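# sequence first, predicted coordinates after that:
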Amino acid sequence: MLQTAQRTAKSKTKKAASAPSHKTGADKAAPPHDRFLEAFRWMLLTRTLEEKLVSLYRGGLITGGVYIGKGQEAVSVACGLFLQKGDIFAPLIRDQAGRSAFGEPLLDVTRTYLGSRLGPMRGRDGNIHRGHPRNNELAMVSHLGAMISVTVGTLMAKRLKGDKNFVGLACIGEGGMQTGSFHEGMNLAAVEQVPLVVVATNNHYAYSTPNDREFACRDLVDRAIGYGFEGYSLDGTDLGACLDVIGSAGRPPQLVVASVLRLSGHGEHDDASYVPEEVKRQPFARDCLKVAEQTIVDLNLVDAETLGKWRKDAIAQVEEAIAAAQQEPAPEGDKEDWCALSNRGLADQPESPE
Ligand SMILES: Cc1ncc(C[n+]2csc(CCOP(=O)(O)OP(=O)(O)O)c2C)c(N)n1
Ligand SMILES: [Mg+2]
């Protein structure tokens with residue numbers, strides 16, 4: 001519950017960290033109820049956006065895959081809200097809530113999915129690899145586990161340049177935690193003592209593979225001590241707990257493991273019929289958005305009219321961003337400058353060609 005959310009420190013080697021010293025932003029200073037409501041609105045916007053993207057996909061209006069974060073919005077939004085200007089964010093495919101809360105404009109999302117030439121990927125890429133290097137949102141590498149090393153390298157580079165008071169946050173799924181890249185990245189982060197928070201969302205499946213075919217340890221958070229990280233575990237369906245745990249993480253390196261159920265297929269091409277009904281009845285299968293709304297109602301944080309207004313506002317924002325992107329041009333192969341996006345000038349390029 002909102003008022004009673006507690007961090008659950010699992011690390012046996014280190015005490016729970018106090019609030020990180022770099023936190024100075026207004027949202028951190030806001031009373032917990034205001035933070036909760038702000039987070040709820042980002043979650044609502046994300047759910048509205050992703051439901052709309054799914055319907056466009058089903059209607060054949062989106063090319064490529066659609067991967068949504070239904071059921072994971074509470075964890076993700078806490079990541080985006082925790083980070084401040086100057087911090088580094090490495091989101092993955094289910095982190096739209098975090099991306100939005102971190103500052104990604106809605107139009108960038110709809111432009112990407114609808115293939116607009118004015119979007120961050122200029123209509124050339126699939127739908128999930130966009131980033132905003134100039135705003136410290138790293139572009140995602142698909143290879144599971146790879147983003148940990150990318151984030152560690154980015155943090156080391158900032159340190160070498162003399163930057164101070166920053167933190168990096170990298171998201172990972174429990175499947176990604178089983179890769180060699182993940183282990184290498186975690187080891188390097190601890191050896192280098194970079195200010196990294198790794199937020200692992202255990203949604204109980206990696207595509208169709210369930211937890212018992214992914215790992216054999218009792219609890220993934222127990223690995224923290226082996227890496228040299230502090231470890232925290234978390235009920236990812238409880239927004240108050242997510243804000244509390246993730247909002248308290250800082251340095252030394254921290255591993256937060258959140259438990260949820262993926263409330264969609266791996267992508268919208270997958271009906272997830274392999275998830276047994278019994279799993280769907282587990283406490284971790286609760287819908288974090290519904291749980292958060294119930295908390296708002298129970299604590300009478302806002303009235304029903306306000307909730308209705310927020311819902312309408314989310315729909316209007318999404319409709320506007322979709323309508324705008326739909327009118328924009330697609331890339332034209334013969335006129336495009338097909339330079340590799342990985343060149344060193346990337347960060348200096350304009351976000352869109354016009
Ligand atoms: C090294 C590697 N192996 C396989 C894949 C294909 N793949 C993409 S997502 C995915 C499942 C990821 O599961 P998890 O890390 O639990 O994240 P979730 O999709 O559940 O959020 C797989 C197997 C990949 N991208 N990279
Ligand atoms: Mg998973």
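Perfect, I can see it now. Ligands and ions are numbered 1, 2, ... in the order given.

# in the sheet, who's paired with the residue of the chain found nearest ligand 2?
Of all residues in the chain, residue 173 sits closest to ligand 2, at 3.8 Å by CB to the ion. Yep, even glycine has a C-beta here, placed from its N, CA and C like the rest. Taking DSSP bridges as the rule, residue 173 bridges to residue 201.

# tell me how far it lies from residue 305.
38 Å (CB to CB, to the nearest Å).

# neighbour-wise, which of those two wins?
residue 173 (23 against 8; other CB atoms under 10 Å).

# on that earlier part again, wait, the residue of the chain closest to ligand 2 touches residue 201, no?
Yes: Residue 173 is in contact with residue 201 according to CB atoms under 8 Å; the separation is 5.9 Å.

# ok, which stretches of this protein are helices?
Remark: helices assigned in the chain by DSSP state H are 26-29, 32-58, 73-82, 96-102, 106-113, 146-160, 180-192, 223-227, 239-246, 277-280, 288-298, 304-326.

# mind checking those helices for the one nearest to residue 264?
Smallest distance to residue 264 across the helices of the chain (CB to CB): 8.2 Å, for helix 32-58.

# flag every buried residue along the closest one.
In terms of neighbour count (16 or more other CB atoms under 10 Å), helix 32-58 has its buried residues at 33, 35-50, 52-54, 56-57.

# packing partners for that helix?
helix 73-82, helix 96-102, helix 106-113, helix 239-246, helix 288-298, helix 304-326 (3 or more CB pairs under 8 Å, 6 or more residues apart in numbering; DSSP states H and E).

# how close does the residue of the stretch 1-150 of the chain found nearest ligand 1 sit to residue 127?
Nearest residue of the stretch 1-150 of the chain to ligand 1 (CB to the nearest ligand atom) works out as residue 144 at 3.8 Å. To residue 127, residue 144 is 18 Å away according to CB to CB.

# who has more neighbours out of these two?
Neighbour count, other CB under 10 Å: between residue 144 and residue 127, residue 127 has more, with 22 against 19.

# measure the more buried one to residue 64 for me?
For residue 127, the distance to residue 64 - CB to CB - is 5 Å.

# up against ligand 1, what does the stretch 251-354 of the chain have?
Residues of the stretch 251-354 of the chain lying near ligand 1 by CB under 6 Å from any ligand atom: 262, 266.

# could you list the low-pLDDT ranges of the stretch 251-354 of the chain?
Applying pLDDT under 70 to the stretch 251-354 of the chain flags the ranges 251, 337-354.

# among the helices and strands packed on helix 32-58, which is nearest residue 263?
Of the helices and strands packed on helix 32-58, nearest to residue 263 by CB to CB is helix 288-298, at 8.9 Å.
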